[in-house]
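> model this:
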Amino acid sequence: MIEFALPGRDMKVRLRHLLLDVNGTLTLDGRIIPGVKERIQMLREQLDIHLLTADTFGRGAEVAAELGTAFRRMDANHAGLDKKAYLALLGAENTAAIGNGYNDIHMLGDAALGIAVIGPEGCAAYAIQKSDVVVNDINAALDLLLNPKRLLATLRA
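Model (predicted):
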């Protein structure tokens with residue numbers, strides 16, 4: 001579990017789960033972005049990690065196996081609502097979500113902490129609007145969870 005309090009907001013965040021989009025977030029053209037694997041290994045000690053994807057490149061299960069995480073393929077036509085439903089099953093109040101696509105907007109907006117990644121494939125404008133924090137790459141997003149005090153300056157009241 002990862003816990004932190006947000007100064008000035010009388011809010012304590014207790015994260016148990018991390019939902020991760022795959023394509024454009026963790027991978028570029030279906031290949032894991034350098035640095036991701038090491039960070040995921042550290043985060044697995046604190047969080048249950050779930051990869052959710054419409055699986056554009058057909059490598060989602062392989063990526064999950066390489067990272068040692070749970071994997072769920074979403075219907076490409078309903079991925080956004082499927083991701084929202086999966087988040088609800090886990091409990092949005094104790095889940096962080098990281099993504100970059102339009103189909104991530106519901107999970108980013110509903111999660112206790114939503115992080116949008118503007119990576120090499122870009123980021124949907126609505127994903128940015130629905131997120132609590134926006135970063136330039138996946139490693140920066142994962143580092144926020146590994147060092148939650150970094151979130152305080154951005155999220156405090």
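
> For the lengthiest helix in the chain, name the packing helices and strands.
Identified as the longest helix of the chain according to DSSP state H is helix 79-90. Judged by 3 or more CB pairs under 8 Å, 6 or more residues apart in numbering; DSSP states H and E, helix 79-90 is in contact with strand 17-21, strand 48-53, strand 95-99, helix 105-110. Heads up, the C-betas are built off the backbone N, CA and C, glycines and all.

> got the CA coordinates for the third one in CSV?
Backbone C-alpha positions of strand 95-99 (Å, rounded to 0.1, in the frame of the first residue of the first chain) are rendered in CSV as follows:
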residue,chain,number,x,y,z
THR,A,95,-6.7,2.9,-7.0
ALA,A,96,-4.3,5.0,-9.1
ALA,A,97,-4.5,5.0,-12.9
ILE,A,98,-2.0,5.9,-15.5
GLY,A,99,-2.8,6.3,-19.2
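
> Looks like Met42 contacts Asn147 (just checking).
No. Contact between Met42 and Asn147 fails when scored by CB atoms under 8 Å: they sit 10.6 Å apart.

> neighbour-wise, which of the two wins?
Met42 (13 against 9; other CB atoms under 10 Å).

> element containing that one, please.
Met42 belongs to helix 36-43 when assigned by DSSP states H and E.

> which regions of this structure sit below the pLDDT cut-off?
Along the chain, segments meeting pLDDT under 70 are nowhere present.

> Dead centre of it: give me the residue that sits there.
Nearest residue to the geometric centre of the chain (CA atoms, centre = their mean): Ile98, 1.9 Å.

> rewinding a little: and the longest helix of the chain, what's buried?
Buried positions in helix 79-90, judged by neighbour count with 16 or more other CB atoms under 10 Å: 79-80, 82-84, 86-87, 90.

> repeat for stretch 141-155
Buried, per 16+ other CB under 10 Å, within stretch 141-155: 141-145, 148, 151, 155.

> Please apply the same query to stretch 32-46.
Residues of stretch 32-46 classed as buried: 32-33, 36, 39-40, 43 (neighbour count, 16+ other CB under 10 Å).

> want to try TSV for these, with distance to Glu121 as columns?
Putting these into TSV (distance: CB to CB, whole Å) gives the following:
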residue	distance to Glu121
Ile32	14
Ile33	10
Val36	14
Arg39	19
Ile40	19
Leu43	22
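
> Relative to Arg9, which of those residues is nearest.
Here the nearest of the buried residues of stretch 32-46 to Arg9, counting by CB to CB, is Leu43; it sits at 24.0 Å.
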